[in-house]
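>>> Generate a structure from the sequence data that follows.
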Amino acid sequence: MATTINKQRLLNQLFSAARKTIDSEVEPRPVLDQVIYGLCREDATPEQADRAFEDLRERFFDWNEVRVSSVRELEESFEGMSRPEARAQRLVSFLQEVFETHFSFDLQNLQKKGLKEAAKQLARYEALNDFVIAWVTQRSLGGHAIPVDAMTLRCARRLGLLDDAQDDPEAARASLEHLIPKAKGAQFTDLISTLAGDNCDDEPACPTCPLAGECPTGQDARVAPVATKSRPKPR
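Residues are numbered from 1 along each chain as shown. Model (predicted):
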């Protein structure tokens, strides 16, 4: 397990890389749109989520049309992403819950409530999980939250930011929120997802990872020199 000092040094390198590769500006969206984007963003890179979200906006007239569309139609927007059918089903379920509760598609009133009350209301939607609630808290409600999905958990553990035995997303989120300041939360979330997608998949590509020098997993994966075959002695 990395020490706190080592974790901070690694985070500094992470943020240094972010300044070169990641746009740290948080795009403002209505709360409902931010929830839907969060559904796209879980276990996906920012580029994948952007593509899926924009495809939904372009192919359908409004969120009500998305609500009444078939899961098969919506799957096309999630092409190339993990679990497209499940994503489409969650999206339909969420929009149906919102419509049955409010008879509209507007959740802006959540911004007028306290963080705890807003999070509590979001948690009432069965289609939402801790990742999406943390995402909306971070991006729309002004709270300090680090959304943790499988990609973030895997990458953070390999980097040594989390204990190897840490597999509870909510506990992992609490640990990361203690390490990462609120002002850098969104930047961290986007960077670690990009890193996970590019270099830290199920089979890590440590040789091409920009953090391999500091990452415990990257250090362990360094290839040992290949032993040369012994030449036969001349007769």
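>>> continuing past the helix or strand harbouring Thr137, what's the next helix or strand?
Take DSSP states H and E as the rule and Thr137 turns out to sit in helix 130-139. Once helix 130-139 ends, the next helix or strand along the chain (criterion: DSSP H and E) is helix 150-159.
>>> list the helices and strands that next one packs on?
Counting contacts by 3 or more Cβ pairs under 8 Å, 6 or more residues apart in numbering; DSSP states H and E, helix 150-159 packs against helix 169-179, helix 185-198, helix 216-220. Bear in mind the C-beta positions are built from the backbone N, C-alpha and C, glycine included.
>>> at 10 Å instead, please
Counting contacts by 3 or more Cβ pairs under 10 Å, 6 or more residues apart in numbering; DSSP states H and E, helix 150-159 is packed against helix 4-21, helix 169-179, helix 185-198, helix 216-220.
>>> Okay, angle between that helix and helix 185-198 too, please.
With axes from the mean of the first three to the mean of the last three Cα atoms, to 10 degrees as the criterion, the two stretches helix 150-159 and helix 185-198 enclose an angle of 90 degrees.
>>> and helix 150-159, how far out from the chain's middle?
Averaging C-alpha coordinates over helix 150-159 and over its chain gives two centres that are 10 Å apart (Cα atoms, centre = their mean, to the nearest Å).
>>> what does the average pLDDT come to for it?
What helix 150-159 shows for mean pLDDT is 94.
>>> cool, and stretch 42-50?
When pLDDT is averaged along stretch 42-50, the result is 96.
>>> which residues are in contact with it?
Residues outside stretch 42-50 that contact it (Cβ atoms under 10 Å, 6 or more residues apart in numbering): 22-23, 27, 37-41, 51-52, 78-83, 87, 90, 129, 131-132, 135, 147-152, 154, 189-191, 193-198.
>>> winner for burial among the helices and strands packed on helix 150-159?
Per residue and on average, the most neighbours among the helices and strands packed on helix 150-159 fall to helix 185-198, with a mean of 22 (mean count of other Cβ atoms under 10 Å).
>>> and that one, what other elements does it pack with?
Secondary structure elements in contact with helix 185-198, counted by 3+ Cβ pairs under 10 Å, 6+ apart, are helix 4-21, helix 31-41, helix 46-59, helix 130-139, helix 150-159, helix 169-179.
>>> got the angle between the longest one and helix 185-198?
Spelled out, that is helix 4-21. Following the same axes, to 10 degrees, one obtains 80 degrees for the angle between helix 4-21 and helix 185-198.
>>> which residues sit against helix 4-21?
When contacts are defined by Cβ under 10 Å, 6+ apart, helix 4-21 is touched by residues 1-3, 22, 24, 156, 159-162, 175-176, 178-181, 184, 187-188, 190-192, 194-195, 198, 210-211, 213-216.
>>> again, only this time at 6 Å
Leu159, Leu161, Gln187, Leu191, Pro210, Leu211, Glu214 (Cβ atoms under 6 Å, 6 or more residues apart in numbering).
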